[in-house]
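Colleague: Sequence and predicted structure below; questions after.
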2 protein chains.
Amino acid sequence: MRWHTAEVASRTSSPLSNPDELDFQTVLAALSDPVRLGIVAALAEVDGVHCGGFALPVGKSAASRHFRILREAGVIRQWDDGVRRLNSLRRDELDHRFPGLLTLAIAEGAAVRVPFAPE
Amino acid sequence: MRWHTAEVASRTSSPLSNPDELDFQTVLAALSDPVRLGIVAALAEVDGVHCGGFALPVGKSAASRHFRILREAGVIRQWDDGVRRLNSLRRDELDHRFPGLLTLAIAEGAAVRVPFAPE
DNA sequence: GTTCATGTTCGGCAACCGTCGAACATATGG
DNA sequence: CCATATGTTCGACGGTTGCCGAACATGAAC
């Protein structure tokens, strides 16, 4: 048998917790960092980008940490696809739980939006 | 001549800067602390409370710091009245600059709202 | 002037945060 | 099997943050 897409974490032991309880202060803290806000703004343009698809101003380890903070705050969802880890905004959950916040973050994050990596 | 109310800082040398340019990330950072979010939620109930009017879970110096962070982020406005320093939410500016954010903060901050000091 | 009430500032401390480099783990492709 | 690509994890480092107590500054009341 063959899975058309791996929906479970296989890159690490911890099983990619995408939380269902969103905490206001945790979300604010996640969005108050310029790199993370820039990622959110970029994901608002193109959804489903893998971690390496952004031209981040930090190294791999710091980038990995930023994505994990965004995921654990419930701002983004992550899932594995082959060797890559894809990212998308949790628009519906955020809009439902904190109406207007994501819209605001996307608009304000435009100033620090992260560019996409070449090819 | 006599001033009916001191509208300028006299308690310290730095002249109580109430900024007119509000930065999104700075505001988020200010609101992501439980004590400060609790102060905002309390100010939404009763406006114009002096610093000592809250029963904060921290000492004087930490409290002073929290109020300063809120003021410098543009979340609250402060002015002196005799020996006391009064606080109020900058509702209009916040609503105009970040529509919906303060409403959200007040609602979510209810869980950590700070009590008022006795008498 | 003296005393009291109210906040601010300073120094110090512990904890946390953002970053890096190196090592590791997993999937894919020869 | 081996090499490569993609992320994660670990240990370390420096900077920031939140907290406290002590000292200071200001205004009011006596």
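Modeller: Yes, it's here.

Colleague: Run through chain A and note the low-pLDDT ranges.
Modeller: Flagging of chain A using pLDDT under 70 yields the residue ranges A:1-15.

Colleague: Identify each of the helices in it and give its residue range.
Modeller: Per DSSP state H, chain A carries helices over the ranges A:24-31, A:34-45, A:60-73, A:91-97, A:101-109.

Colleague: Can you list the neighbours in contact with the longest one?
Modeller: What that stands for is helix A:60-73. A:16-19, A:22-23, A:26-27, A:29-30, A:33, A:35-36, A:39-40, A:51, A:54, A:56, A:58, A:76-78, A:85, A:87 (CB atoms under 8 Å, 6 or more residues apart in numbering or on different chains). (Each C-beta comes from the backbone N, C-alpha and C, glycine too.)

Colleague: on that earlier part again, please produce a markdown table containing the helices of chain A, extended by distance to DNA strand C and mean neighbour count.
Modeller: Below are these laid out as a markdown table (distance: least, CB to the nearest atom of the strand, whole Å; neighbours: other CB atoms under 10 Å in any protein chain shown):
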| stretch | distance to DNA strand C | mean neighbour count |
| --- | --- | --- |
| helix A:24-31 | 7 | 22 |
| helix A:34-45 | 5 | 21 |
| helix A:60-73 | 3 | 16 |
| helix A:91-97 | 19 | 15 |
| helix A:101-109 | 15 | 21 |
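
Colleague: Ok, which of those helices comes nearest DNA strand D?
Modeller: Counting by CB to the nearest atom of the strand, DNA strand D lies closest to helix A:60-73 out of those; the figure is 2.9 Å.

Colleague: Look up the closest residue to residue A:110, ignoring the ones flanking it.
Modeller: Nearest-residue entry for residue A:110: residue A:41, 5.5 Å, with adjacent residues in sequence omitted and distances by CB to CB, 6 or more residues apart in numbering or on different chains.
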